[in-house]
Structure formats: C-alpha cells, structure tokens
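Chemist: can't give you the sequence, but here's the structure:
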C-alpha cells in the first residue's frame with residue numbers, strides 16, 4: 001500500500017470521522033452541547049479541507065496513484081454518510097434527505113465501478129452539477145453540526161441555513177444521479193448497437 005502526503009491526508013480524513021461523531025455523544029456534564037456542536041463542526045471542516053488539500057498536493061507533488069484515486073472518494077462518502085446519520089438521529093436532518101444523498105452515492109459508486117469494468121469510466125466522470133451539489137452539501141453539513149445561533153450578531157442559526165441548503169443539495173443529488181444514469185445508458189446502448197455488450 002503506497003503512502004505519501006496526499007494519501008496520509010486522506011487517511012487523516014477517515015480517522016477524523018469517529019472523532020467528530022464521538023464528540024456529539026459525549027455526556028453533557030462532561031462537555032456542553034453547544035461546545036460539542038462547535039467542536040464537531042470544526043473537525044468536519046478540517047476533514048473537508050484535507051479533501052481539497054490531498055487532491056491539490058497529489059497534483060502539485062506528482063504523487064497521484066491508483067490507490068489514492070480509490071481511497072479519496074471512499075473517505076468523502078464515509079464522512080458525509082456518518083455526518084448525515086448522526087444529524088438524522090439528532091433530529092436536525094430529515095431521514096428522506098439522508099436517504100436520497102446516501103442512496104445516490106451508493107448508486108453512482110456502483111455505476112462507476114461497472115463502467116470502469118467496461119473501460120468507459122470517462123463516461124461517468126464528475127460533472128459540473130455534481131460539483132455544485134457537493135459544494136451545497138459540504139456547506140450545509142457544518143451549519144447543521146453547529147446548529148446554534150450564528151456568531152457576530154448575525155440573524156438566525158445554523159439550522160436555518162443548513163436545512164434549506166441540504167434540501168437544495170438533495171435536489172441536485174437527484175438531478176446529477178439521473179444525469180449520470182442517462183450518460184451510462186447511452187454508453188450501454190452504444191455498446192449494444194456495436195455488439196460489444198454480452199461478448
């Protein structure tokens with residue numbers, strides 16, 4: 001198993017998952033709920049920053065690898081799924097939203113694996129709408145983890161901002177999933193027309 005700076009950052013992101021989740025389950029007499037929310041939010045943001053950093057460093061240091069390309073999206077999906085499940089349990093996210101987002105990630109991961117086996121992985125490469133979805137999602141989750149009143153006298157609280165943002169992310173999730181499925185269907189149909197499928 002290769003180990004370099006980008007892969008180390010990806011492993012750090014995975015290791016941060018049980019930490020930010022565990023903070024939210026600490027006894028309230030040990031740590032106040034608002035403090036736990038703040039720490040969990042900061043740890044999630046740190047994990048999200050490593051997501052950007054490992055990709056940037058992999059390209060800048062010319063340390064891209066097949067293992068890194070495999071591990072990076074796995075870490076992302078684990079991080080988002082863990083956060084959503086905890087937020088559902090805390091009553092901050094509707095279960096339907098979590099099911100849409102997590103279900104989409106499982107579906108697209110399986111689709112990409114299948115297309116890769118066919119040598120058509122470029123057909124389901126990340127689209128712009130997928131990037132916008134990820135941005136909305138990764139912005140919403142920290143606000144939902146923070147949950148409380150916004151600092152600096154700003155109106156509202158984290159829930160007021162994070163909840164509608166996550167619904168937007170869920171909508172974009174559905175749109176992007178149908179986009180990827182349509183692209184894959186075109187590739188499959190082309191393969192059928194050319195007699196490649198089923199050989």
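Modeler: All right, it came through fine. Everything numeric here is computed off the predicted structure, so don't read it as measured data.
Chemist: how close does residue 163 get to residue 18?
Modeler: 25 Å (C-beta to C-beta, to the nearest Å). Where C-beta positions appear, they are placed from N, C-alpha and C, glycine not excepted.
Chemist: List the contacts of residue 80.
Modeler: Applying C-beta atoms under 8 Å, 6 or more residues apart in numbering to residue 80 gives the contacts 101-102, 105, 137-138, 141.
Chemist: go with 7 Å
Modeler: The neighbourhood of residue 80, defined by C-beta atoms under 7 Å, 6 or more residues apart in numbering, consists of 101, 137.
Chemist: If we go by neighbour counts, what in the helix or strand of the chain with the lowest mean pLDDT is buried?
Modeler: Ranked by mean pLDDT, DSSP states H and E, the helix or strand of the chain with the weakest confidence is helix 158-193, at a mean of 84. Applying a neighbour-count criterion of 16 or more other C-beta atoms under 10 Å, the buried positions in helix 158-193 are 158-159, 161-163, 165-170, 172-173, 176-177, 180, 183-184, 187-188.
Chemist: how far out from the middle of the chain is it?
Modeler: Between the mean C-alpha location of helix 158-193 and the chain-wide mean there is a distance of 13 Å, by C-alpha atoms, centre = their mean, to the nearest Å.
Chemist: tally of neighbours for residue 2?
Modeler: Applying the criterion other C-beta atoms under 10 Å, we find 11 residues in the vicinity of residue 2.
Chemist: Compute the distance between residue 72 and residue 162, please.
Modeler: Going from residue 72 to residue 162 by C-beta to C-beta gives 25 Å.
Chemist: got the domain boundaries for the chain?
Modeler: Under the assignment named as automatic domain parsing, the residue ranges that make up the domains of the chain are 1-90, 93-199.
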